[in-house]
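Engineer: Any chance you could fold what I've pasted below:
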Amino acid sequence: MGAIMSSNQQNAPPTREKPGTIVVALIQMTGQASKARNVEKAIARIAEAAAAGAEIVCLQELFAGQYPCQSEDHARFDEAEPIPGPVSDALAEAARRHRVVVVGSLFERRAAGLYHNTAVVLDADGNLAGMYRKMHIPDDPLYYEKFYFTPGDLGFRAFDTRVGRVGVCVCWDQWYPEAARLTALAGARIIFYPTAIGWLPDEKQAYGASQHSAWETMMRSHAIANGVFVAAANRTGLEGKLEFWGASFLSDPNGNVLARAEHDKEETLLVECDFDKIDVVRTHWPFLRDRRIDAYGDLTRRYRD
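Structural biologist: So this is what the prediction gives:
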C-alpha cells in the first residue's frame, strides 16, 4: 500500500486470526489547546483509518494536548490522568468499536507527585494489552521533560495483540539502539515510536535538513539491525516556539521507507506490512545469530574509563 489515506475511503477492515500481512495506520495531527477537541479528532481519525482497512493505529506522542514541556510550569500537571482514565477509556472504546489495535501516548498521573510519559497498547477488543513508560527522558531547550516525567520502570517490552506481537518506545527512546534491540529481543515484529520532535525556527535553515535526516536514519538503522518494522508517528504544526516537523514514516526490516507523511500537514498513513518478511530478512542478514552476547558486558557501564 504505502499510500496516504483520504478521509472518504470506506473499505471494511479485514479480520485475520494469524496475521501475516497487516495494515498499519500512523496518525499525524496538529495539537490544539483543547484536550476534548484533540481527543475527538483522534477518535475520528481512528474510525476513518479502521474503515479504510487499518488493523493497528498509532497516535503521536501526548496526542491529547499541546506539547507541555516547553517550559517548567506546575499548572501543566493538571493535564495528566491516571490509567485507566478518561482518555485511555476513550481509546479503548474506539479500539473495541472499530475492531482495531490502538497505540496511544498519554501524560500519566501514577500517584501524587509521580508522573510518566506512558504509551498504552489497546487490543482490538478494547482490553489493555500492556503499557510502556518512556525510559529515556530528555532535558533540552523547549524539551524540559525531566521536570515532568519520572523515567519508566517497566523495561523494554512487547505485547501480544490480535495483529501479532508489537513493541512501543517513545520519542527520545528512538535515539538509543539498546532500546530497540531489547524491544526486538522481547519478540516485537514492529516497534512504534509515538513522537513529538520539531525545529527551533531560528535553527531550521542551518540545521533543519540534517536534524530530520538524522532522526529518520536512526530509526531506519534500528529496523535493519533488528530485522523488524519501525513506525514513527510525529506531531505537525507550530506550538509555541516549536515547529513540529511531521514526516511520520514506516520502515521495513531492510530500512526501506514504505510511506512518509509531509512535514507541514495532518495526514494518516496506511501501510501494508508483511510480517513474513522478518524471517526472510533475518535469515539473509543474521545479525541476531552472530551477536557476541558474551562480550557485551561493558554496555552496562556508563563509560569505559
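Engineer: quick one: average pLDDT of the helix or strand hosting Arg96?
Structural biologist: Per DSSP states H and E: Arg96 is located in helix 86-98. For helix 86-98, the mean pLDDT works out to 98.
Engineer: Equivalent analysis for stretch 239-254, please.
Structural biologist: pLDDT averaged over stretch 239-254 gives 97.
Engineer: That one: which residues count as buried?
Structural biologist: 239, 242-253 (16 or more other CB atoms under 10 Å). Where you see a C-beta, it was placed from the backbone N, CA and C, and this is true even at glycine.
Engineer: Over to stretch 71-80?
Structural biologist: Arg76, Glu79, Ala80.
Engineer: ok, Leu299 to Arg292 distance?
Structural biologist: Noted for Leu299: a distance of 11 Å to Arg292, by CB to CB, to the nearest Å.
Engineer: The two: who's more crowded?
Structural biologist: Leu299 (9 against 6; other CB atoms under 10 Å).
Engineer: For the stretch 51-200 of the chain, just list every one of the helices.
Structural biologist: 86-98, 145-148, 177-185 (DSSP state H, counting those that start in this stretch).
Engineer: ok, back up a step: dump the buried residues of stretch 239-254 to TSV, plus distance to Pro84 and secondary structure.
Structural biologist: TSV is the format used below for the buried residues of stretch 239-254 (distance: CB to CB, whole Å; DSSP: H, G, I helix; E, B strand; the rest coil):
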residue	distance to Pro84	secondary structure
Glu239	27	strand
Leu242	30	strand
Glu243	34	strand
Phe244	28	strand
Trp245	32	strand
Gly246	30	coil
Ala247	32	coil
Ser248	27	coil
Phe249	31	strand
Leu250	29	strand
Ser251	32	strand
Asp252	34	coil
Pro253	34	coil
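Engineer: Mind telling me the two of the residues you listed farthest from one another?
Structural biologist: Glu239 and Pro253 (33.4 Å; CB to CB).
Engineer: Okay, and the beta partners of Leu106?
Structural biologist: Beta-bridge pairing for Leu106 (DSSP bridges): Thr118.
Engineer: Next one: the closest residue to Leu114 other than its chain neighbours relative to Asn117, how far apart?
Structural biologist: Nearest non-adjacent residue to Leu114, counting by CB to CB, 6 or more residues apart in numbering: Thr150, 5.9 Å away. Distance, Thr150 to Asn117, by CB to CB: 9 Å.
Engineer: Looking at these two, which is more packed in?
Structural biologist: Neighbours per residue (other CB under 10 Å) separate Thr150 from Asn117, with Asn117 holding more: 31 against 17.
Engineer: wait, doesn't Val24 sit right on Gly53?
Structural biologist: No: with contacts counted by CB atoms under 8 Å, Val24 stays clear of Gly53, the gap being 10.3 Å.
Engineer: low-scoring stretches of this structure, by residue?
Structural biologist: 1-19 (pLDDT under 70).
Engineer: and the longest helix for it?
Structural biologist: helix 201-226 (DSSP state H).
Engineer: ok now stretch 151-164, how far from the chain's centre?
Structural biologist: Remark: stretch 151-164 is offset 12 Å from the chain centroid, using CA atoms, centre = their mean, to the nearest Å.
Engineer: now the end-to-end length of that stretch.
Structural biologist: End-to-end distance of stretch 151-164 (CA to CA, to the nearest Å): 27 Å.
Engineer: Pull out the buried residues from it.
Structural biologist: Gly152, Phe156, Arg157, Ala158, Phe159, Thr161, Arg162, Val163, Gly164.
Engineer: so can I have TSV of these showing distance to Ala49?
Structural biologist: Shown next, in TSV, are those (distance: CB to CB, whole Å):
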residue	distance to Ala49
Gly152	27
Phe156	27
Arg157	24
Ala158	22
Phe159	19
Thr161	16
Arg162	15
Val163	13
Gly164	18
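Engineer: Identify the farthest-apart pair in these.
Structural biologist: Between any two of the buried residues of stretch 151-164 (CB to CB), the greatest distance is 25.0 Å, for Gly152 and Arg162.
Engineer: Quickly note the distance from Ala92 to His284.
Structural biologist: 40 Å.
Engineer: neighbour count winner among these two?
Structural biologist: Between Ala92 and His284, Ala92 has the larger neighbour count (other CB under 10 Å), namely 20 against 9.
Engineer: Distance check, that one against Phe229.
Structural biologist: 24 Å.
Engineer: With Cys273 instead?
Structural biologist: Going from Cys273 to Phe229 by CB to CB gives 5 Å.
Engineer: what's the overlap in contacts for these two?
Structural biologist: Val24, Ile190, Leu250, Asp252 (CB atoms under 8 Å, 6 or more residues apart in numbering).
Engineer: For the second one, which non-adjacent residue is spatially closest?
Structural biologist: Once flanking residues are discounted, Ile190 sits nearest to Phe229: 3.9 Å by CB to CB, 6+ apart.
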